[in-house]
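Q: Take a look and give me a structure for this.
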Amino acid sequence: MFSFFRKKAPTPAPTAPAPEVLPAPTGSAPSVMPPESSAPPQAPERSGWLGRLTQGLRKTGSSLAQVFTGTKIDDALYEELESALLMADAGVAATEALLTDLKRRVKDARATDPAAVKGLLAEAIAELLRPLEKQLVIGESKPTVIMVVGVNGAGKTTSIGKLTRHLAEAQAKVLLAAADTFRAAAREQLGVWADRNRVEIVSQEGGDPAAVSFDAVQAGRARGCDVVIADTAGRLPTQLHLMEELKKIQRTIGKAQAGAPHEVLLVVDGNTGQNALSQVKAFDAALGLTGLVVTKLDGTAKGGVLAAIARWGATRPGGPVPVVFIGVGEKLEDLQTFSAREFALALLG
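A: Residues are numbered from 1 along each chain as shown. Coordinates of the predicted model:
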């Protein structure tokens, strides 16, 4: 097993420590490097991860793969592919864009075998998803404050726990903020992760979530923490009064530290398909998202939703909301950085 983070050798710094960067992977294990470096160091292949991702997306992949079992490249093949992409929740806009791109690639390659078309589709999907890859910067501010949001059941707290473990294993000093103050189970679950990872936690039963977040950021600054992660209460984007509470938390964090939160991550359940895109739009409108964590991709038949998110993101002012991590299971190693190429290959089996 490898870690998302590793310690850099100390460098002479005039005023602030050089930032650590978690690069978007290109088929190899991620590592941390200064942003000024031209290329990340090569690491062992992530074959085990790709296998787990492929297994997780098998329901989506099998429906797409069936399209290419014929012997001819004709209108019927493209019609079947269109239906399969829509069933995978790729959405109308992304499906149309993929089919247009695929037909161009088939013509340019002079492909005559449906199996070759499958490979060309993988290339088209990877190109569509590539803008979703993102480098997560840790260290430009101390502490780096990460606010995590999402609906109940999406896997927020578990994702925070896994991310905290990777940070802690890299010797980063992490402080957790239990800003879901009215749900005892949430505080207890985050407390378990804090104990397991041997990191500190700021928690208050029945307190104001914004106040807990403020106190955590202040404590993180005073204690010299590298990262503060705030776990917020799950809510539906239609619960307007609760969405306003999230805005209040965000504003209050900014009062505790100028420029914070530095990351606003939305955790979405990959099984929810087009509903995930609706969540992304709603939370982005309220908070201005900086990244996504897509969970529970194991066994989903709706893995095409990332194509829908990418296509919507192409029209979003400021560019797409990137996918920082994806998860396919409950184990620590089942939360990894997102690679468009890996995802496209896994999606098509």
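
Q: count of residues packed around the nearest residue to V192 once chain neighbours are set aside?
A: Once flanking residues are discounted, V192 sits nearest to G161: 7.8 Å by C-beta to C-beta, 6 or more residues apart in numbering. No exception for glycine: its C-beta is placed from N, CA and C like everyone else's. Neighbours of G161 under the rule other C-beta atoms under 10 Å: 23.

Q: got a list of what G161 touches?
A: Shown in contact with G161 (C-beta atoms under 8 Å, 6 or more residues apart in numbering): 189-190, 192-193, 196-197.

Q: what's the distance between T157 and R196?
A: 12 Å (C-beta to C-beta, to the nearest Å).

Q: hang on, the earlier thing: pick the one among the contacts of G161 closest to I138.
A: Set against I138, the nearest of those by C-beta to C-beta is N197 (15.8 Å).

Q: Please give me every residue in contact with the closest one.
A: N197 touches 161, 164-165, 168, 174, counting by C-beta under 8 Å, 6+ apart.

Q: separation between the residue nearest the centre of the chain and D113?
A: With distances taken as C-alpha atoms, centre = their mean, the residue of the chain nearest its centroid is V293 (2.7 Å). The gap separating V293 from D113 is 38 Å, by C-beta to C-beta.

Q: Next: A93.
A: Taken as C-beta to C-beta, the span from A93 to D113 is 29 Å.

Q: Same question for E140.
A: Going from E140 to D113 by C-beta to C-beta gives 49 Å.

Q: quick one, which of these two is more surrounded?
A: Comparing E140 with D113 by neighbour count (other C-beta under 10 Å), the higher total belongs to E140, at 15 against 12.

Q: What pLDDT does the model give the more buried one?
A: E140 carries a pLDDT score of 88 in this model.

Q: What strand or helix carries it?
A: Here E140, judged by DSSP states H and E, is contained in no helix and no strand.

Q: what is the residue nearest to the centre of the chain paired to in the beta sheet?
A: On the basis of DSSP bridges, V293 is bridged to V267, F325.

Q: wait, doesn't it sit right on F325?
A: Yes: counting by C-beta atoms under 8 Å, F325 is a contact partner of V293 at 4.7 Å.
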